[in-house]
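Asks: here you go, sequence then predicted model.
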Amino acid sequence: MTHRRPRRFRGGGKRGGMRGAAAHGAEPSRVVSGRVVDGPGPGPRYAADAAPPPPHDGLYDAGLPADVFVPSAVSPAVPPAVREPAAPAPAGDVGDAIGDGRSGGYGNSERTPRPPRSRGRKFALLILTLVVALVAVSVSGYVWADSALTKGIDLGAVKDRPVPGKGTNYLIVGSDSREGMSAQDRKALHTGGSADAGRRTDSMMLLHTGAHGTTMVSLPRDSWMTVPAYVSPDTGVHHPARKNKLNAAFSLGGAPLLVRTVEANTGLRIDHYAEIGFSGFVGIVNAVGGVPMCLDHAVRDPKSGLDLTEGCHTLDGRGALAFVRQRHQEKEGDLGRTRNQQKFLAALAEKAASPEVLSNPRKAFSAASTGLGALTVDNDTHPQDLASVFRMMRGGSDMARLNIPVTGRGLATRAGSAVEVDRGRARKVFEQLRKDRPVPEKADG
């Protein structure tokens with residue numbers, strides 16, 4: 001009897017394997033990458049430890065593909081593989097790489113597709129981007145604003161200072177500096193003098209803020225006070241303490257001596273100092289487009305150049321400077337002028353914060369850059385401190401405005417007519433401020 005070599009089934013797929021098995025009436029066996037897989041059913045079962053059968057009777061052809069069906073019915077010498085129930089393959093094991101049982105063991109499972117970003121995640125990413133951008137703009141804006149300020153006044157070097165009290169104290173000074181003004185400007189603004197003339201103070205205000213709101217106390221420039229001993233910055237000559245007008249302290253020793261004089265006569269420690277000259281004041285008013293001001297009487301002052309009728313007006317820089325400087329048309333003279341100054345500063349702050357200015361980027365930037373460039377401040381004053389001053393200047397129901405209490409005007413002195421301070425009442429006002437307690441507006445009456 002002639003021995004016939006059994007037919008080989010090629011293709012290795014499910015169709016070829018099943019066709020060969022059906023032709024021989026036997027259950028197909030399969031060798032898959034070193035594993036023996038038998039039996040019908042919806043999917044193959046795997047024997048984890050099965051090894052490929054050894055060659056025998058010429059039925060195992062080394063040239064056959066690794067994955068080929070061999071009919072077990074024609075190879076009785078090959079013992080059936082010992083199979084144990086296969087444990088479910090863990091995720092990522094070879095079972096996942098081979099297939100899921102529905103593809104005959106040849107389907108490769110695909111990676112789970114990444115879900116598209118939700119609208120919520122996109123929105124959160126957008127918000128984060130905007131926040132980062134705003135922070136960057138804020139930081140750069142802060143650096144610009146801080147660098148625009150003129151500094152150089154070291155309050156830490158001031159001698160014989162009182163102990164700090166509660167709250168924060170600002171000294172706001174308007175000087176008669178004509179720096180940066182041409183001869184034509186000085187003539188038009190009725191300032192007189194020259195660009196290099198010695199500076200004096202036209203106005204001084206103490207601004208206290210604390211737990212009970214804000215109190216603004218004007219210090220008339222002609223107030224008769226004790227100027228502490230000092231060394232002249234120009235000549236180096238030592239001068240003993242003596243009585244003089246308050247604005248003389250500024251001309252004799254600059255901002256440091258003015259701060260010492262205010263502290264010595266009020267008992268309040270000055271935390272921040274800010275000064276503005278004529279040119280800077282005019283520039284700020286023009287930058288915001290003028291400031292509305294209502295008068296209960298007509299004012300005509302040839303010395304300041306002010307000529308206004310009774311009623312409401314919008315003052316430009318020139319008119320505003322004349323309004324805050326004039327005193328000869330005021331019944332109370334210098335005291336009346338300080339009240340006009342308080343009133344005007346509140347109106348200026350209100351205008352600068354109005355939608356008319358803030359909604360116009362060009363006007364808002366012009367006002368900010370002009371204001372910052374016009375100020376001279378101490379070394380520890382920064383934009384956030386000036387922002388606090390700005391908010392306080394706007395006033396409101398929690399702000400008290402008053403003059404330092406005085407006994408009268410027209411005090412005859414070697415320096416001319418002066419304003420005599422009521423020391424008893426003034427001491428009570430400043431003691432209240434030092435303890436951060438409310439001060440009634442009538443305290444100066």
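Replies: The structure has been received and is ready for your questions. From a predicted model like this one, the values you see are computed outputs, not experimental measurements.

Asks: pLDDT-wise, which helix or strand of the chain ranks last?
Replies: When the helices and strands of the chain are compared on mean pLDDT, DSSP states H and E, helix 94-98 comes out lowest with a mean of 40.

Asks: please go through the protein and pick out the longest strand.
Replies: Counting residues, the longest strand found in the chain (DSSP state E) is strand 201-210.

Asks: which of the three states applies to the nearest residue to residue 159 once chain neighbours are set aside?
Replies: Leaving out its chain neighbours, the residue that sits closest to residue 159 by CB to CB, 6 or more residues apart in numbering is residue 260, at 7.0 Å. The way it works is simple: take the backbone N, C-alpha and C, and place the C-beta from them, glycine included. For residue 260, the secondary structure call by DSSP: H, G, I helix; E, B strand; the rest coil comes out as helix.

Asks: which ones are touching residue 260?
Replies: Counting by CB atoms under 8 Å, 6 or more residues apart in numbering, residue 260 touches 158, 159, 160, 161, 228, 230, 249, 253.

Asks: ok, and the most crowded of these?
Replies: Compared across the contacts of residue 260, residue 249 has the highest neighbour count, 28 neighbours, by other CB atoms under 10 Å.

Asks: just checking, that one touches residue 261?
Replies: Yes. If you go by CB atoms under 8 Å, residue 249 and residue 261 touch, sitting 4.1 Å apart.

Asks: what residues are shared contacts of these two?
Replies: Shared contacts of residue 249 and residue 261, counting by CB under 8 Å, 6+ apart, come down to 225, 227.

Asks: the closest residue in space to residue 306 that isn't next to it in sequence: which element?
Replies: Spatially, and ignoring its direct neighbours in sequence, residue 306 is nearest to residue 322 (3.8 Å; CB to CB, 6+ apart). Here residue 322 sits within helix 317-325, counting by DSSP states H and E.

Asks: strand 201-210 and that helix, what's the angle between them?
Replies: Counting by axes from the mean of the first three to the mean of the last three CA atoms, to 10 degrees, helix 317-325 lies at 80 degrees to strand 201-210.

Asks: show me what helix 317-325 is packed up against.
Replies: Secondary-structure packing of helix 317-325 (3 or more CB pairs under 8 Å, 6 or more residues apart in numbering; DSSP states H and E): strand 201-210, helix 278-287, strand 291-295, strand 306-308, helix 334-352.

Asks: from the contact counts, what lies against the helix or strand just after the shortest one?
Replies: Put plainly, it is strand 306-308. Downstream of strand 306-308, the first helix or strand assigned by DSSP H and E is strand 311-315. Applying 3+ CB pairs under 8 Å, 6+ apart, we find strand 311-315 packed against strand 291-295.

Asks: that older thread, and the helix holding residue 322 with helix 278-287, angle?
Replies: If you take the same axes, to 10 degrees, helix 317-325 sits at 120 degrees to helix 278-287.

Asks: just the buried positions in helix 317-325, please.
Replies: Residues 317, 318, 319, 320, 321, 322, 323, 324, 325 are the ones in helix 317-325 that count as buried (16 or more other CB atoms under 10 Å).

Asks: direction included, what does the following helix or strand past the longest strand of the chain pair up with?
Replies: Using DSSP H and E, the helix or strand that follows strand 201-210 towards the C-terminus is strand 213-218. Strands that pair with strand 213-218, judged by DSSP bridges, come out as strand 201-210 (antiparallel), strand 399-403 (parallel).

Asks: so for strand 213-218, mean pLDDT?
Replies: Averaged over strand 213-218, pLDDT sits at 92.

Asks: same question for stretch 162-172.
Replies: Average pLDDT, stretch 162-172: 94.

Asks: may I have the distance across it, first residue to last?
Replies: 19 Å (CA to CA, to the nearest Å).

Asks: and stretch 150-170, by the same measure?
Replies: End-to-end span of stretch 150-170 (CA to CA): 17 Å.

Asks: repeat that for stretch 242-249.
Replies: Taking CA to CA, stretch 242-249 runs 11 Å from one end to the other.

Asks: this completes my enquiry, with thanks.
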